[in-house]
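1. quick check, what structure comes out for this input:
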Amino acid sequence: MDKILRINMSGTKGPTIKTEPLGDYTGLGGRAMTSTIVAKEVSPTCHALSAENKLVISPGILSGTAAAMSGRISVGCKSPLTGGIKESNSGGQPSQMLARLGYAAIILEGKPGNDHLYKVVINKDGATIAPADELKMLGNYDVVEKMKAAHGEKIACISIGPAGEMKMGAASIAFTDMELRPTRHAGRGGVGAVMGAKGVKVIVVDDAGTQMRQGKNPEKFKEANKAFVAGLRQHPVTGKGMAAYGTNVLTNVINEAGGYPTRNFKTGQFEGAAKIGGEALAKLENERGGEGSATNGCHRGCVVRCSGTFYDKNGQYVTKQPEYETVWAHGGHCGIDDLDAIAQMDRLEDDFGLDTIEMGVTLGVAMDAGLAKFGDAKAAIKLIKEVGQGTPLGRILGSGAAVTGKVFGVERVPVVKGQAMPAYDPRAVKGIGVTYATSTMGADHTAGYAVTANVLGVGGTVNALKPEGQVELSRNLQVATAAVDATGMCIFVTFATLDIPEAFQALLDLMESCTGQPMTAEKFIDFGKRILKLEREFNIAAGFTKSHDRLPEYFKKESLTPHKVVFDVKDQELDQVFNF
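-> The predicted model follows:
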C-alpha cells in the first residue's frame, strides 16, 4: 500500500479526487492511520458534521496479504456521538480489496455546497466520483443491489443507509461481506453521520486485475502465517467455541457469571438467556439449514469463522447470524427472548445503517421511559422502523441512548462519553468497567476486552468482582488492542496471542516479514502506546478531562444481582490508566 485517495467534497465545481503518496503516513494502517490523520488534520474543537471534520477509511497493515484474519478495516473521524476521536472497526471484503489496489487510506474531507449524493468507484485504473441522487434514502440492501447491477458481482461496497443521510448519532457505515451483503458495520460513534455529512452514499471497490500483496520476506511470511493459523486453531475459544456457536456463545457464559445486563442494566442475569444463546441459535440455524447457516467467515482469510447466516422458518434469508452484542442489546437488555424477532431487528438496522449496540441500548432506555414494555418485540420493531422513516420520535431514538434518556427524563442511562455500553455489566466485570470509563472511544468493550481474564481465564485470571488488578489489566489490553487494530487483524486473535507464546511471536513475525521493519514485543507495545497517546491528546484538546473518564454514578451506588456488587474501582485509580 503506497498511496492515499483524498476526496475533497467542497470543490467549487464539485468534488475533486486525487491520489497522493503516503509521506508522513508511511508505515501506518488501520487505527494507527485513521487516528494519526485525524489528530494531524482535524481540529479537535470543530463540529463533527462540519466541513472541517474528515472521515478516514483505512485497511490494516497486513490487509490484502495472505495473513489469516487480516481483513478488518478502520474508520476514523471526530465522533458526532462522543465529541472525541473515533476509530470504528469492521469486517467484510473492502479492506482486503483496497489494500490490493494499493490504497492505505481514503480521506473524505470538506462538504458539498449542494444537496447531491455521490458515488465513488475505485478500481485498478484509479477512482472517480459522480452524483448518485437516485440512491437517496435507499437502504443498504437496495444500494448494493443497484451497485451489483451497474458494476457486476465481483465488487465490494462501503455505504450508508437513511440514518447516515439523516446524520443520526447512531448511524453506521456498512461493508459488504463475502456474499456481497451489507452485513458488516463500522457501527460505533456515529461514523455513518459523518459520511452522510460529506454527501457520499456509497464507495464501490473493484480489485479485478490486482494481486495479493506480498511480504518483504515471502518465505518467513509463509512460515509465520502457518504458525499463526496453528495457534488460532489450537486455542479453545477460537478453535472450538466460537467456530461452533459464533460470538453468541458468550450469552450463557456471561449470564452464568452474573454480568449479563438485563432490562437496561437492572440485573446481571436474564431468565430467557438459554432461549437466545449461542447453543440455541446454532441449533435453530442447523435445523433450518441454508448456505453458510451456522458457520461462516465475515471476510476471506478468516479461519475462526464465528459468523453465520440466519434464515426464517420458510428458508428465506433474513440477516447474518446475529452477533453476541446484537443478541444481547435487543434480547436481554430489552427483556426479549425471541431469536426471530432479534434477527428481524438486526436486519432492519443493517438496512437503515444503525449501530446495533447503540440502538439496542436506546430501545432499553426507551422502554424505561415507558415508550414500550420490556419484552414487547413488536413494539421494539416498530420503534426501529420509526428511526428508518425519520419521524420526530425516530430522529430522537436515532440520536442514541444519551439523547433519548435526556429527552424522556430517564436518569439511568448506561453511556460513557455519550456512547452506549455493550453487553457486560461493569459492576460484575470490573475490568471492562475500567475500559468503558477510560477508553478514548467512549464505552467500548473492544478497546480493552478485560472479559478475557475477568471471565474466560484467557491471559491469566483477575477476579471480576474485586477492584484489585483491574486498572493494570485494562491498561495492558488497551495498549495491545490499539496495536492489533492497526494490523487489520480481527480482535479475536488476541485469545490465542495472550495464551500461546508461539502465536504472539507469529504475529510479530508476520508484521516484520511483511513490512521489512524489525518487530519485537516491545516495539509492538510501544506502537499501541503511541496510538493511544495521539487519541488522548486529541480528546484533551477537544475539552475532555478526567471527569469524562467515569461511569454513570448509579453504577457506584446500585448493587447488581446476583452478586450484590457495585463498581468500586476508585476514581484515583482510573486516572492512572494512561500512566504508561
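2. got the contact list for the helix or strand of the chain with the lowest mean pLDDT?
-> Lowest mean confidence among the helices and strands of the chain (mean pLDDT, DSSP states H and E): helix 242-245, at a mean of 80. With contacts defined as C-beta atoms under 8 Å, 6 or more residues apart in numbering, helix 242-245 is touched by 249, 277, 278, 279, 281, 282, 295, 304, 305, 306, 492. No exception for glycine: its C-beta is placed from N, CA and C like everyone else's.
3. give me phi/psi at the residue nearest in space to the middle of the chain?
-> In the chain, the C-alpha nearest the mean C-alpha coordinate belongs to residue 89, at 4.0 Å (C-alpha atoms, centre = their mean). When read as degrees, to the nearest 10, the backbone of residue 89 gives phi -110, psi 140.
4. start at 10, not 1
-> Right, with 10 as the first residue, what we last looked at is residue 98.
5. check contacts around it.
-> With C-beta under 8 Å, 6+ apart, residue 98 has these contacts: 40, 81, 82, 83, 84, 195, 455, 494, 500.
6. hmm, back to that, of all the contacts of helix 251-254, which comes closest to residue 213?
-> residue 314 (26.6 Å; C-beta to C-beta).
7. report the buried residues of stretch 156-168.
-> Using 16 or more other C-beta atoms under 10 Å as the burial criterion, the residues of stretch 156-168 that qualify are 156, 157, 160, 164, 165, 166, 167, 168.
8. just to be sure, which of those are found in helices?
-> Counting by DSSP state H, the buried residues of stretch 156-168 place 156, 157, 160 in helices.
9. closest to residue 450 among those?
-> residue 156 (30.1 Å).
10. who's in contact with the closest one?
-> So residue 156 contacts 164, 166, 211, 213 (C-beta under 8 Å, 6+ apart).
11. ok, so of those, who is nearest residue 26?
-> residue 213 (13.6 Å).
12. need the strands for the stretch 10-159 of the chain, in chain order.
-> Ranges of strands in the stretch 10-159 of the chain, per DSSP state E, counting those that start in this stretch, are 12-17, 25-30, 64-68, 82-87, 94-99, 112-118, 127-132, 135-140.
13. send the alpha carbons of the first one over as PDB?
-> As requested, the backbone C-alpha atoms of strand 12-17 are provided in PDB (Å, rounded to 0.1, in the frame of the first residue of the first chain):
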ATOM      1  CA  LYS A  12      -0.900   5.800  -1.700                       C
ATOM      2  CA  ILE A  13      -3.800   7.800  -0.200                       C
ATOM      3  CA  LEU A  14      -7.000   8.600  -2.000                       C
ATOM      4  CA  ARG A  15      -8.100  12.100  -1.000                       C
ATOM      5  CA  ILE A  16     -11.600  13.300  -1.900                       C
ATOM      6  CA  ASN A  17     -12.500  16.900  -1.300                       C
END
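14. what packs against that strand?
-> On a contact count with 3 or more C-beta pairs under 8 Å, 6 or more residues apart in numbering; DSSP states H and E, strand 12-17 meets strand 25-30, strand 112-118, strand 135-140.
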